[in-house]
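Chemist: Give me the fold of what follows.
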Amino acid sequence: MSLIDWAALALFFASWLGFNSILGLIGRRGGSLNADMAYIRTVWMQSMTHRELKLVDSQLMGHSINSASFFASTNLLLIAAVAGVLFGGENALKGFAAVGAESVPTRLLEAKLALVLVCLTRGFLDFIWALRQMNYTLALIGSAPELHSKTDRKAFSEAAGQLLNPALSAFSQGVRGYYFALAAAAWLFGPLWLALGVVSSFGLLLYRQEASPAARAIRNARRLLTD
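Modeler: Alright, predicted model coming up:
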């Protein structure tokens, strides 16, 4: 690989693996969409403990589970497609390269496809872990007893929130994997395309966390819930 390839690859891993840390810094400084949603989900679990019937909460969790299942299934299909080319032999690689990828040695082409595969695989594992935690949360909602003490309600809602928030955080990481998988796929056309893909994906994700209409709406909703 050339020096430009290594530099673009270093930028990719720094952005992909460091995104959560950067979000944490942003959240401590002024809030982010993920941080606001974590607070709102905690309030949701607090409201759940006040409801005699938990049907609405179960339906909302069911919707989240269906969404995670859809993404996991789609991810698995993409993994199969990329793996089919990567492990399909030299003819498969040559046929793929003929579509328009940069002309590089076979080993480097395999490395580029492997990077896409790694992104998709990590995203798939995130979706699977999110699904498991969502099912745990659903069981917790279904087992919620009649709580009359304010202290008991607070303790139970905090326990439920500590389970639900990591579940949805894993789901978000899985979705984020698609962005970086696309950036990794741009490497097929050259290292500069990889760098451009990383910067574009990173910038788009930050925009959606901080300045998108959805982020502003959630931030305003959190203020109302806090007051």
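
Chemist: Pull out the buried residues from the helix or strand containing Glu158.
Modeler: Assigned by DSSP states H and E, Glu158 belongs to helix 150-186. Across helix 150-186, burial judged by 16 or more other C-beta atoms under 10 Å covers 153, 156-157, 160-161, 163-165, 167-181, 183-186. Just so you know, the C-beta spots here come from the backbone N, C-alpha and C atoms, and that holds for glycine as well.

Chemist: Name the residues that touch stretch 171-181?
Modeler: By C-beta atoms under 8 Å, 6 or more residues apart in numbering, the list of residues contacting stretch 171-181 from outside reads 12, 15-16, 19-20, 34, 64, 67-68, 71-72, 75, 78, 116, 119-120, 122-124, 126-127, 130, 134, 198, 201, 204-205.

Chemist: Got a ChimeraX select line for the buried ones in those?
Modeler: Here is the ChimeraX selection string for the buried members of the contacts of stretch 171-181, based on 16+ other C-beta under 10 Å:
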select :12,15,16,19,34,64,67,68,71,72,75,78,116,119,120,122,123,124,126,127,130,134,198,201,205
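
Chemist: Tell me which of the contacts of stretch 171-181 fall in strands.
Modeler: With DSSP state E as the criterion, strands contain none of those.

Chemist: Mind checking which of the contacts of stretch 171-181 are in helices?
Modeler: 12, 15-16, 19-20, 34, 64, 67-68, 71-72, 75, 78, 116, 119-120, 122-124, 126-127, 130, 134, 198, 201, 204-205 (DSSP state H).

Chemist: centroid residue for the chain?
Modeler: In the chain, the C-alpha nearest the mean C-alpha coordinate belongs to Gln173, at 2.0 Å (C-alpha atoms, centre = their mean).

Chemist: Could you export stretch 185-196 as CSV, CA atoms only?
Modeler: Only the C-alpha atoms of stretch 185-196 are listed here, as CSV (Å, rounded to 0.1, in the frame of the first residue of the first chain):
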residue,chain,number,x,y,z
ALA,A,185,-16.3,0.9,-0.1
ALA,A,186,-15.1,4.2,-1.5
TRP,A,187,-11.5,2.9,-0.9
LEU,A,188,-12.2,0.6,-3.9
PHE,A,189,-11.8,3.7,-6.1
GLY,A,190,-8.6,5.0,-4.4
PRO,A,191,-7.3,6.3,-1.1
LEU,A,192,-8.4,9.9,-1.7
TRP,A,193,-12.0,8.6,-2.2
LEU,A,194,-11.6,6.7,1.2
ALA,A,195,-10.6,9.9,2.9
LEU,A,196,-13.4,11.8,1.3
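
Chemist: Give the buried residues for it.
Modeler: 185-188, 190-191, 193-195.

Chemist: Pull the distance from the helix holding Glu158 to the chain's centre.
Modeler: Offset of helix 150-186 from its chain centre (C-alpha atoms, centre = their mean, to the nearest Å): 8 Å.

Chemist: Val82: which of the buried residues of stretch 185-196 is nearest?
Modeler: Among the buried residues of stretch 185-196, Ala185 lies closest to Val82 (C-beta to C-beta), at 9.0 Å.

Chemist: and the nearest residue to the closest one once chain neighbours are set aside, what does it touch?
Modeler: In space, and not counting its chain neighbours, Ala185 is closest to Val116: 5.2 Å by C-beta to C-beta, 6 or more residues apart in numbering. Listed by C-beta under 8 Å, 6+ apart, the contact set of Val116 reads 82, 181, 184-185.
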